[in-house]
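Undergrad: my questions concern the predicted model and sequence given below.
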Amino acid sequence: MDEKRQDEGIVLTEAQKRARRSRSIAIALALGALVILFYIVTLVKGPIILVRPL
Amino acid sequence: MSLVSAGTNAVRPVPAVAASIHAEPSVAEVSDFIALMKPRVMSLVVFTALAGLAVAPAHVHPVIGFAALLCIAVGAGAAGALNMWYDADIDARMVRTARRPIPTGRVRPGEALAFGVMLAGFAVVVLGLVANVLAALLLAFTIFFYVVIYTMRLKRSTPQNIVIGGAAGAFPPMIGWAAATGSLSFEPIVLFLIIFFWTPPHFWALSLYRADDYARAGVPMLPVVAGDVETRRQILLYTLILAPLGVAPWALGYAGLVYGATAVLTGAVMLVLAWQVHAERRPADRASRHLFAFSILYLFLLFAVLLIERGWGGLIGRFAA
C-alpha cells in the first residue's frame, strides 16, 4: 500500500483539484490582461518608453 | 500597561493551524486570495488615489492613469496580504477577523507571504515604468510603512498604533498626484493630512464598541489601555482638528464652493457625533456606531465632491480630447 502511494506521488482530492484549477485560470487571465495592458501602455507612451533617466 | 505587554508577548506570526496542514496541497480558492487583499480597503485607496490623480494639474493619458491606479490598488492589496500574514494570530482571536483566510486554514501563511511579496514587487516596478520613479518610491514606502512600521512594530506595542500607522492609509492621494506630475506640492499634503486626522476618530469609534475583542487579542488599542473616557476625549480632540482641515482645500483656493459647503456641513455633523460619543453615558455604543458609520460617508463625500468639482470634468475633457 505504501509502495503504491509512493508510486502515485501526492494524490489530490477533488476539492484540491478544483481549487488548483480555479487558481490556474485566474493566473492565466491575469497574465493575459497584463500582456494587453503592457501592449497598450507601450503604444500610448511611444518611443519615450525607452528613455529611463533615474 | 499589562495589556500592552500581553499584546507584545502574544506575537506569533504563524498560526498553529499551519503546522497541521503543512504537507497538504493547497485548498485556497481565488476568492481567498482576493479576500487577502482587503478589497474594501483597496476601494478606499483607489478612490483617494484617483482624487489625487485627477486633481493634479497635469495631463495624464487615461490608459496611464488606469495603469497607475491598478498598481496602487495592487500595492494596497499586497500590504493587506502581508498584514494578514503577520497578524494571523491576532485575527484568529478576534470575532471581526476570525473568518479571514489564514485563521480558517484556507490559505497557508507561506502562501499569503509569497502572494504579498510578489504583488508588492510587481506593483512598485510597474508603477515606476508606467508613471515615474517618485510615485513608485512613494508606493514602496507606503507598503513598507503599513507592513513593517504599523503591523510589525506599532500595532502590538502602543495605543498610538493607528495614529502613526494611519499615515499609510493617507499616502494614496500623494501617490496619485506624484503619478500625474512626477513631483509633490502643498495640495496633496493637505489631502494626506485630512485622511491622517480622520483615521483616529474613525478607528477609535470602532474600537470603543469592539474593545473586548481587541483586549482578547492583546492589541493595545486606546480604549483597552487608556480606557473609555480618555478615548472619547481623544476622538473629540482629533475631530476638532479634522473638521477645519476638511475645509482647508476650499479655504486655500484649490477647491470650489460646493466642496467648501460640503466640508463645512459634513464637518459639523462629524463634530456633533464626536460630541455625542464624548457625552453619551457608558457604554456609548450607539453614538460610536453612528460616528464610525458617518466617518466613512464623510471621507467619501469630501473626496467625491473634490473629484467631481476639480478632477472629473478635467478627466472627461481629456477623454473627449
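TA: On my side now, so go ahead. Numbering: from 1, shown residues only, chains lettered A, B, ... in the order given.
Undergrad: state the pLDDT value of the most centrally placed residue in chain A.
TA: Central residue of chain A (Cα atoms, centre = their mean): residue A:27, 3.3 Å from the mean position. Looking at residue A:27, its pLDDT stands at 96.
Undergrad: name the element it belongs to?
TA: helix A:14-45 (DSSP states H and E).
Undergrad: and that helix, does that touch chain B?
TA: Yes - using Cβ under 8 Å from any Cβ of the partner chain, helix A:14-45 reaches chain B at A:15-16, A:19-20, A:22-23, A:25-26, A:37, A:40-41, A:44-45. Using the backbone N, CA and C atoms, a C-beta is placed for each residue, glycine as well.
Undergrad: mind listing what's buried along that helix?
TA: A:16, A:19, A:20, A:23, A:37, A:41, A:45 (16 or more other Cβ atoms under 10 Å in any protein chain shown).
Undergrad: what of stretch B:84-95?
TA: Across stretch B:84-95, burial judged by 16+ other Cβ under 10 Å covers B:84, B:85, B:86, B:87, B:88, B:89, B:90, B:91, B:92, B:93, B:94.
Undergrad: distance of the most centrally placed residue in chain B relative to chain A?
TA: Geometric centre of chain B, nearest residue: residue B:169, 3.6 Å, by Cα atoms, centre = their mean. Per Cβ to the nearest Cβ, to the nearest Å, residue B:169 is found 25 Å from chain A.
Undergrad: any idea which of the buried residues of helix A:14-45 is closest to residue B:74?
TA: Closest approach to residue B:74 among the buried residues of helix A:14-45 (Cβ to Cβ): residue A:37, at 11.6 Å.
Undergrad: filter the buried residues of stretch B:84-95 down to just the ones in helices.
TA: Among the buried residues of stretch B:84-95, the residues falling in helices (DSSP state H) are B:84, B:85, B:86, B:88, B:89, B:90, B:91, B:92, B:93.
Undergrad: show me the two of the residues you listed that sit farthest apart.
TA: Going by Cβ to Cβ, the pair spanning these furthest: B:85 and B:93, at 16.0 Å.
Undergrad: low-scoring pLDDT stretches of chain A, where are they?
TA: Judged by pLDDT under 70, chain A has its weakly predicted residues at A:1-7, A:49, A:51-54.
Undergrad: again, but for chain B
TA: For chain B, residues meeting the criterion pLDDT under 70 lie at B:1-23, B:283-284, B:311-321.
Undergrad: near chain A, which residues of it show up?
TA: In this structure, chain B approaches chain A at residues B:24-30, B:33, B:61, B:63-64, B:67, B:70, B:129-130, B:133, judged by Cβ under 8 Å from any Cβ.
Undergrad: biggest separation within these, which pair?
TA: Maximum distance among those (Cβ to Cβ): 46.8 Å, for B:24 and B:61.
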